[in-house]
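# make a model of this:
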Amino acid sequence: MFDQVREHEYEPVEGLPEKLPEGEFMLWQGRPDGRSIARRVMKTGWFAFYFLVLAAWAFTAGLYDGRGLGASTFSAGALVLFAAVLIGLLEAYAWGVHKTTMYTVTNRRVVMRVGVALPFTLNLPFSKIASANLATGKRGIGDIAMALKADERMSWLMMWPHVRPWRMFRCEPALRCIPEAEKVAGILGKALADYVAGHADEAPRIAVTASGPETPRQRVSGLKTVTAAE
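Numbers count the residues shown, from 1 in each chain. Have a look, this model is predicted:
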């Protein structure tokens, strides 16, 4: 009988496929917020509102057409039941994303262990990153998307939902719905700037831009942060 190996049990360090080489060290590690994944990525709030409107319309239309209170209630109830099942599945998937995902930032790369059904680990060296963008929302939770150099390509479908929304043709891998996103962006921005300072012949000039409904636009250049108007 074969020994059963649990998912990611082989990892020498949680979230990493192997031990970090000499000279490389971890700066930050975390998971996406499951509640935010459900609301911002899976759009559970939008689906709930949509089916609520449909149920109200079905109930009202049924009464108007003379189908009676019972038949109208049944039609609306069927829609509500379908919505509950759908939203439940989306919430379950969001929970799965939270449990199976681990983001890691080191002084040399970003490592993304992702995948609910087919887990895999993506190593993203700083030399392949052209820029990074921070978008923050409520409770300090936000996304950090990383634009790749012009000669780098990545599958949007393979990486979803760990990508910047609507960038299908120029996929930008992203740390989605992470708590204390501004703090993490500062850590990543400094690491990128330090890397560029020591590898000017290998990497382009790096900037981290922060934008969102609750934060001003910021550009990190070197170790200085300059705030610009939107």
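# so who does Ala55 touch?
Shown in contact with Ala55 (CB atoms under 8 Å, 6 or more residues apart in numbering): 76-77, 79-80, 83. Backbone N, C-alpha and C define where each C-beta goes, glycine included.
# which PyMOL command selects the buried ones in those residues?
A single PyMOL command selects the buried members of the contacts of Ala55 (16 or more other CB atoms under 10 Å):
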select buried, resi 76+79+80+83
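# what lies in contact with the helix or strand that contains Val111?
Assessed by DSSP states H and E, Val111 sits inside strand 109-114. Identification of contacts with strand 109-114 by CB under 8 Å, 6+ apart yields 8, 15-17, 24, 100-105, 119-126, 129, 146, 159, 162, 173, 175, 188.
# stretch 179-188 too?
For stretch 179-188, contacts defined as CB under 8 Å, 6+ apart pick out 27-28, 30, 33, 105, 110, 132, 134, 136, 139-144, 175, 178, 208, 210, 215, 220.
# apply 7 Å and report the result again.
Residues outside stretch 179-188 that contact it (CB atoms under 7 Å, 6 or more residues apart in numbering): 27-28, 30, 33, 105, 132, 134, 136, 140-142, 144, 178, 208, 210, 215.
# buried among the contacts of strand 109-114? Need that as a selection in PyMOL.
Selecting only the buried entries of these in PyMOL, with 16+ other CB under 10 Å as the criterion:
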select buried, resi 15+16+100+101+102+103+104+105+121+122+124+126+129+146+159+162+173+175+188
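# what's the nearest residue to Thr60 once chain neighbours are set aside in contact with, if anything?
Closest residue to Thr60 apart from its sequence neighbours, by CB to CB, 6 or more residues apart in numbering: Ser72 at 7.9 Å. Residues near Ser72 by CB under 7 Å, 6+ apart: 59, 62-63.
# tell me the backbone dihedrals of the residue sitting furthest away from the middle of the chain, please.
Going by CA atoms, centre = their mean, the residue of the chain most distant from its centre is Gly66, 47.8 Å out. Here is the backbone geometry of Gly66 (degrees, to the nearest 10): phi 80, psi 30.
# after the top helix by length along the chain, which helix or strand is next?
Ordering each helix of the chain by length in residues (DSSP state H) puts helix 68-100 first. Downstream of helix 68-100, the next assigned helix or strand under DSSP H and E is strand 102-106.
# quick one: end-to-end distance for stretch 104-111.
Terminal residues of stretch 104-111 lie 5 Å apart, using CA to CA, to the nearest Å.
# quick check: Trp95 touching Arg35?
No. Applying CB atoms under 7 Å, one finds Trp95 not in contact with Arg35, separated by 9.3 Å.
# give me the element Ser36 is part of.
With DSSP H and E as the test, Ser36 turns up in helix 34-36.
# any idea how far Ala132 is from Phe126?
10 Å (CB to CB, to the nearest Å).
# so what sits against both of these two?
Listed contacts common to Ala132 and Phe126 are Leu192; contacts here mean CB under 7 Å, 6+ apart.
# centroid-nearest residue for the chain?
Centroid-nearest residue in the chain: Arg176, 1.9 Å away (criterion: CA atoms, centre = their mean).
# where does it land in three-state SS?
In three-state terms, and counting by DSSP: H, G, I helix; E, B strand; the rest coil, Arg176 is strand.
# what residues are up against it?
Arg176 neighbours (CB under 7 Å, 6+ apart): 32, 37, 41, 143, 161-162.
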